[in-house]
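K.L.:
Using only what follows, build the 3D model:
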Amino acid sequence: MSDKKKLSHLDASGNPVMVDVSDKKVTARTAIASGRVEFPSEVFGTLSEQDFLGKKGSIIQTAVIAGIQAVKKTSELIPLCHQINLSKVHIDIHPKENRLDIRCTVKCSERTGVEMEALTGVSVSALTIYDMCKALSHDIKISDIRLERKTGGKHDYRA
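P.N.:
As a prediction, this is how the structure comes out:
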């Protein structure tokens with residue numbers, strides 16, 4: 001590993017630390033993450049026929065709300081994340097062939113980015129979908145959770 005690239009959450013002794021962002025500039029920052037929940041075709045057919053409504057309510061709308069709540073609690077879930085003031089959280093969930101695609105966009109004006117918040121939003125949305133659908137099948141697969149894009153800070157990123 002080169003001198004430039006090192007794990008930012010470990011000190012020289014290998015102990016976990018929260019990154020000091022006090023000298024960083026406040027900038028507009030955005031992160032977009034995505035993932036998917038894949039279903040057996042017969043399960044997806046049943047869900048589609050029911051407009052993704054289950055006994056517990058709207059599967060998609062419940063997953064959106066759960067994802068938004070999770071974004072707001074990211075610093076409580078991931079020990080070394082900073083608490084940040086969010087300016088936008090938007091989660092889209094769209095049916096495709098035998099799957100639901102999830103996309104989470106998070107924005108803020110801060111000294112640190114919102115990648116973990118966007119990834120957390122996708123993850124909890126996917127877990128909520130699994131929870132609401134597991135009565136139909138446990139053969140549901142959560143996959144492809146990844147950062148699509150981030151802007152602001154030192155480096156922009158696009159997958």
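K.L.:
all strands in the chain, in order from the N-terminus.
P.N.:
In the chain, the strands defined using DSSP state E lie at 27-38, 53-54, 57-58, 86-96, 99-110, 141-151, 157-158.
K.L.:
Might you calculate how far the fourth one sits from the centre of the chain?
P.N.:
On the basis of C-alpha atoms, centre = their mean, to the nearest Å, strand 86-96 sits 9 Å off its chain's mean C-alpha point.
K.L.:
in that strand, what's buried?
P.N.:
Neighbour counts using 16 or more other C-beta atoms under 10 Å place 86, 89, 91, 93 of strand 86-96 among the buried residues. C-betas here are computed from N, CA, C, even on glycine.
K.L.:
For this protein, give the helix that spans the most residues.
P.N.:
helix 115-133 (DSSP state H).
K.L.:
Give me the angle between that helix and strand 141-151.
P.N.:
For helix 115-133 against strand 141-151, the angle by axes from the mean of the first three to the mean of the last three C-alpha atoms, to 10 degrees is 160 degrees.
K.L.:
what residue is smack in the middle of the chain?
P.N.:
Central residue of the chain (C-alpha atoms, centre = their mean): residue 119, 2.5 Å from the mean position.
K.L.:
That residue: what's it in contact with?
P.N.:
By C-beta atoms under 8 Å, 6 or more residues apart in numbering, residue 119 lies in contact with 31, 33, 104, 145, 146, 147.
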